[in-house]
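Novice: show me the folded form of this:
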Amino acid sequence: MSDEQDQERKKPGRKKIEIDRDVLSKLASLQCTLKEMSYVMGVSVETLKRNYMDTIEVGQAEGKIKLRRSMFRNATEKDNAALQIFLAKNLLGMSDSPVDTDDTNILPWETSKE
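Specialist: Numbering: from 1, shown residues only. Okay, here's the model as predicted:
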């Protein structure tokens, strides 16, 4: 036997589990929980956290971008009023109730000194 084969056999611990990163990324883009992803992929939540968190974070971000793009399209191109109101409140800071400007206070009266 060669030295390389000896070293491969003597590695401690279990063999590293390889999973399909494309499937994992698609699950993450659907905003699946780690528990749901671990069930589908056949690995533990800890394995996902330890070895695949980078793929999961990218997938989650891509899913949020898709949702945001779809919301904007529905609000602007399809004139969905409910979605326009939601986006105006959440992104533009608008609200249904008027701002209370403390109109009940009496204004100070100043007389001119001539």
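Novice: the longest helix in the chain is where?
Specialist: Identified as the longest helix of the chain according to DSSP state H is helix 45-76.
Novice: following it in sequence, what is the next regular element?
Specialist: On the C-terminal side of helix 45-76, the closest following helix or strand by DSSP states H and E is helix 81-91.
Novice: restrict that next one to CA atoms and write it as PDB.
Specialist: Taking only C-alpha atoms (Å, rounded to 0.1, in the frame of the first residue of the first chain), the coordinates of helix 81-91 have been written out as PDB:
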ATOM      1  CA  ALA A  81     -53.800  48.600  -3.800                       C
ATOM      2  CA  ALA A  82     -53.400  46.500  -0.700                       C
ATOM      3  CA  LEU A  83     -49.700  45.800  -1.500                       C
ATOM      4  CA  GLN A  84     -49.100  49.500  -2.400                       C
ATOM      5  CA  ILE A  85     -50.400  50.500   1.100                       C
ATOM      6  CA  PHE A  86     -48.300  47.800   2.800                       C
ATOM      7  CA  LEU A  87     -45.200  48.900   1.000                       C
ATOM      8  CA  ALA A  88     -45.900  52.600   1.700                       C
ATOM      9  CA  LYS A  89     -46.300  52.000   5.400                       C
ATOM     10  CA  ASN A  90     -43.300  49.700   5.700                       C
ATOM     11  CA  LEU A  91     -40.800  51.300   3.300                       C
END
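Novice: number of nearby residues for the nearest residue to residue 88 once chain neighbours are set aside?
Specialist: Residue nearest to residue 88 in three dimensions, not counting chain neighbours: residue 94, with 4.5 Å by CB to CB, 6 or more residues apart in numbering. For glycine as for every other residue, the C-beta is placed from the backbone atoms N, C-alpha and C. Residue neighbour count, defined by other CB atoms under 10 Å, stands at 10 for residue 94.
Novice: wait, isn't residue 94 in contact with residue 87?
Specialist: No - with contact defined as CB atoms under 8 Å, residue 94 and residue 87 do not form a contacting pair (9.4 Å).
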